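Visitor: Sequence and computational prediction follow.
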Protein chains: 2
Amino acid sequence: MPELRKDPILGRWVIISVERGKRPKDFIPIVHKKKGGFCPFCPGNEYTTPPEIIAFRPDGSEPNKPGWTLRVMPNKFPALDPVGSLRKSGEGMFDRMNGVGVHEVIVENPDHYLTLSTMPEKSVEDALWAYYLRLTELKKDPRIKYVLVFKNEGDAAGASLEHSHSQIIGLPILPRTVKGELQGARNHFELKERCIFCDIIYQEMADGKRVVYENENYVAIAPFAPRSPFETWILPKAHQPAFGPDGKSFRGLAHILQRILKQFDAALESPPYNFVVHTAPFNEEQSEYYHWHIEMMPKLTKIAGFEWGTGFYINPTPPEEAAKFMRELKV
Amino acid sequence: MPELRKDPILGRWVIISVERGKRPKDFIPIVHKKKGGFCPFCPGNEYTTPPEIIAFRPDGSEPNKPGWTLRVMPNKFPALDPVGSLRKSGEGMFDRMNGVGVHEVIVENPDHYLTLSTMPEKSVEDALWAYYLRLTELKKDPRIKYVLVFKNEGDAAGASLEHSHSQIIGLPILPRTVKGELQGARNHFELKERCIFCDIIYQEMADGKRVVYENENYVAIAPFAPRSPFETWILPKAHQPAFGPDGKSFRGLAHILQRILKQFDAALESPPYNFVVHTAPFNEEQSEYYHWHIEMMPKLTKIAGFEWGTGFYINPTPPEEAAKFMRELKV
């Protein structure tokens, strides 16, 4: 019989449809091969993008020229506009505001054909530093209420350019997903005086069946109520509200992040995927109840009428099976 | 400059990204052509599906044989199981329940190659009657808290079989989307003593720029804060909380529903699409504040990291432009 499961933070139900039970090999891989051709993110084409904001240039090369190992620039077609001040207005009963915000792109490695799973681990570590540096900088802009860091890999997962890149969007309002998480975590804290994420980590590590991988400071789990097959969360084991290094290093995080992506590649023939960094809003960075984490989802299922109408998800792969499969992979 | 707009019911923000402004011809149509081959929904193959629940058989033919003009049967691979009683249980801090519910399929016309936009209007009217009959029947099952009626047309929109069909899912819990709508509508009613949907209809019809089409009892609008290009809502002009006929007929609704689907076909080269009937829960069918409607979305954009992380949507086509384009189409 299928099972309904509730995400303990958001209260979001999912249907784990075991009768439709899909193993990794049941998913028809979405073709996701880089074609090449002219690419604005490749070395030599720096002049085609807006000027870089930061770049890592171990050879001391000039800005906006080749020689970089990682490059951050404004999105040429931003979803939000960095210039101007926030203006709110009405239209009868409706509310709007002008789209002030920032939209930046992080190219994690100069090689067009690498992905975050195949590039040197050092590039992943650099990418995490770049996320952190931009988050720290954008915090100073009083118009920005929240900064979202995410990555779309592959056309089917929404990447419009195939050269691997991450994105940063600074928003003038707190997103409803973040609001929902904060509310759920706050409710739990009021009841238990404990962080709900710490509680999840404790239960999952004691139980083990949904643990995908762990290293010294991080654990990767298949969440109890995943929206999609092979959804995986990476969490710092110690309570930490806002995204940042452990001690002074991103090495451990880079390792586990790349490891999970390699597992996706091995299990699902290098699927397109999305991941999103969930971090506390700036004014909650000392929160006792929020705990930053990364939510990762290979793109294997479709959002259709049922999901639009309910806000629930139908997932044909129980997380215990996905976790077991991933744990046993040789990567 | 892009614009942020808030859906007045759910409080959901969308980014109307005018700089990325996409006209209908800018969308690469998703190939959506029926291939044929063996089909369990075609006449003659009735034996391959579970026995029918109801069927319209104007020729008085036998059940589960050809001769029908519309057929309703249980889904062969149901997301929820109709047998058994609801059991809730815990796993440490997590909550689950067994997946009791119903999942039915409505085949609206025997012809494999027709869609809801190309079949005779009478088939659309019959489909609406079938929705209504099943809703009325499922209401009697005490395990079912909500019935969702929806349609996925085309593989990209999540349809796993290409023969046109609608789906009905009876759920043991109230979906969070419905909860959110009820909450938003209730808040508005407490403030204004008016139905928020009636207010939207009044403002949109007075203003006109987002009206796509109207007939005697229904109006189709591009909502102020649409999640996707060409999103269109059909609402009864008079206050009516739960889905049902106007007077004793579904003729007017069948007409406007098919008209909008024909406009999608003409504007966007017969795109895949989803639509969802939003109706009051059984215990709120006399609600002063809820107002049933149908939300329709051609499948043109992708859900990616930004949407997963925020619950917001980026829409490259302002609804005023989409509505104008649709209004001026000859169909």
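Guide: Yes, it's here.
Visitor: Return the nearest residue of the stretch 151-300 of chain A with respect to chain B.
Guide: A:G158 (2.6 Å; Cβ to the nearest Cβ). In short, each C-beta sits where N, CA and C put it, glycine included.
Visitor: Show me the residue at the heart of chain A, geometrically.
Guide: Centroid-nearest residue in chain A: A:V276, 1.7 Å away (criterion: Cα atoms, centre = their mean).
Visitor: Just list whatever residues bridge to it.
Guide: Partner residues in beta bridges with A:V276, using DSSP bridges, are A:F150, A:E295.
Visitor: Ok, A:Y213 next?
Guide: On the basis of DSSP bridges, A:Y213 is bridged to A:A220.
Visitor: My guess is it contacts A:M326. True?
Guide: Yes. Applying Cβ atoms under 8 Å, one finds A:Y213 in contact with A:M326, separated by 7.5 Å.
Visitor: any common contacting residues for these two?
Guide: In the contact map built from Cβ atoms under 8 Å, 6 or more residues apart in numbering or on different chains, the residues linked to both A:Y213 and A:M326 are A:260, A:263.
Visitor: Who has more neighbours out of those two?
Guide: In terms of neighbours (other Cβ atoms under 10 Å in any protein chain shown), A:M326 is the more surrounded of A:Y213 and A:M326; the figures are 24 against 20.
Visitor: Quick check: the gap between that one and A:F230.
Guide: Per Cβ to Cβ, to the nearest Å, A:M326 is found 7 Å from A:F230.
Visitor: Could you do A:V102 as well?
Guide: For A:V102, the distance to A:F230 (Cβ to Cβ) stands at 31 Å.
Visitor: now A:T69
Guide: Here the distance between A:T69 and A:F230 works out to 30 Å (Cβ to Cβ).
Visitor: what about A:T136, neighbour count?
Guide: Counted with other Cβ under 10 Å, the neighbours of A:T136 add up to 12.
Visitor: Next, it: phi, psi?
Guide: phi -60, psi -40 (degrees, to the nearest 10).
Visitor: before we move on, back to that, thought B:G311 was touching the residue nearest to the centre of chain A, still the case?
Guide: No. With contacts defined as Cβ under 8 Å, A:V276 does not count as touching B:G311, sitting 11.2 Å away.
Visitor: before we move on, the earlier item: which one is the residue of the stretch 151-300 of chain A closest to chain B nearest to, not counting chain neighbours?
Guide: Across the structure, with Cβ to Cβ, 6 or more residues apart in numbering or on different chains as the measure, the residue nearest A:G158 apart from its sequence neighbours is B:A304 (2.6 Å).
Visitor: contacting residues around that neighbour?
Guide: Taking Cβ under 8 Å, 6+ apart, we find B:A304 in contact with A:150, A:152, A:157-159, A:274.
Visitor: try A:L135
Guide: Neighbouring residues of A:L135 by Cβ under 8 Å, 6+ apart: A:147, A:149, A:168, A:243, A:279.
Visitor: Tell me the secondary structure at it.
Guide: Classification of A:L135 by DSSP: H, G, I helix; E, B strand; the rest coil places it in helix.
Visitor: gap between it and chain B?
Guide: Look at A:L135 and chain B: by Cβ to the nearest Cβ, to the nearest Å, they are 14 Å apart.
Visitor: Could you do A:M1 as well?
Guide: Taking Cβ to the nearest Cβ, one finds A:M1 at 5 Å from chain B.
Visitor: Equivalent analysis for A:P58, please.
Guide: The span separating A:P58 from chain B equals 29 Å under the rule Cβ to the nearest Cβ.
Visitor: Grab the nearest non-local neighbour of that residue.
Guide: Nearest residue to A:P58 in three dimensions, chain neighbours excluded: A:T69, at 6.1 Å (Cβ to Cβ, 6+ apart).
Visitor: What score does the one you found have for pLDDT?
Guide: The score at A:T69 is 98. That number is its pLDDT.
Visitor: pretty sure it is in contact with A:P110, am I right?
Guide: Yes. With contacts defined as Cβ under 8 Å, A:T69 counts as touching A:P110 at a distance of 6.7 Å.
Visitor: For the stretch 101-250 of chain A, list the residues in contact with chain B, please.
Guide: Contact residues, the stretch 101-250 of chain A versus chain B (Cβ under 8 Å from any Cβ of the partner chain): A:148, A:150-152, A:156-159, A:167, A:169, A:171-173, A:175-178, A:180, A:199-200, A:203, A:207, A:224-225.
Visitor: Show me where chain A has its helices.
Guide: The residue ranges that make up the helices of chain A, judged by DSSP state H, are A:121-138, A:176-192, A:196-207, A:251-268, A:305-310, A:319-328.
Visitor: quick one on the thing from earlier: quick one, which of A:T69 and A:F230 is more surrounded?
Guide: Ranked by neighbour count (other Cβ under 10 Å), A:T69 and A:F230 place A:F230 first, with 28 against 18.
Visitor: For that one, give its distance to A:I294.
Guide: Taking Cβ to Cβ as the criterion, A:F230 is separated from A:I294 by 14 Å.
Visitor: for the stretch 1-150 of chain A, which spans come out with low pLDDT?
Guide: With pLDDT under 70 as the threshold, the stretch 1-150 of chain A has low-confidence stretches at A:19-21, A:28-32.
Visitor: isn't A:R96 right next to B:E3, touching?
Guide: Yes. A:R96 lies in contact with B:E3 (Cβ under 8 Å); the separation is 5.7 Å.
Visitor: Mind listing the shared neighbours of A:M326 and A:F230?
Guide: Between them, A:M326 and A:F230 have A:222, A:267 as joint contacts when contacts are counted by Cβ under 8 Å, 6+ apart.
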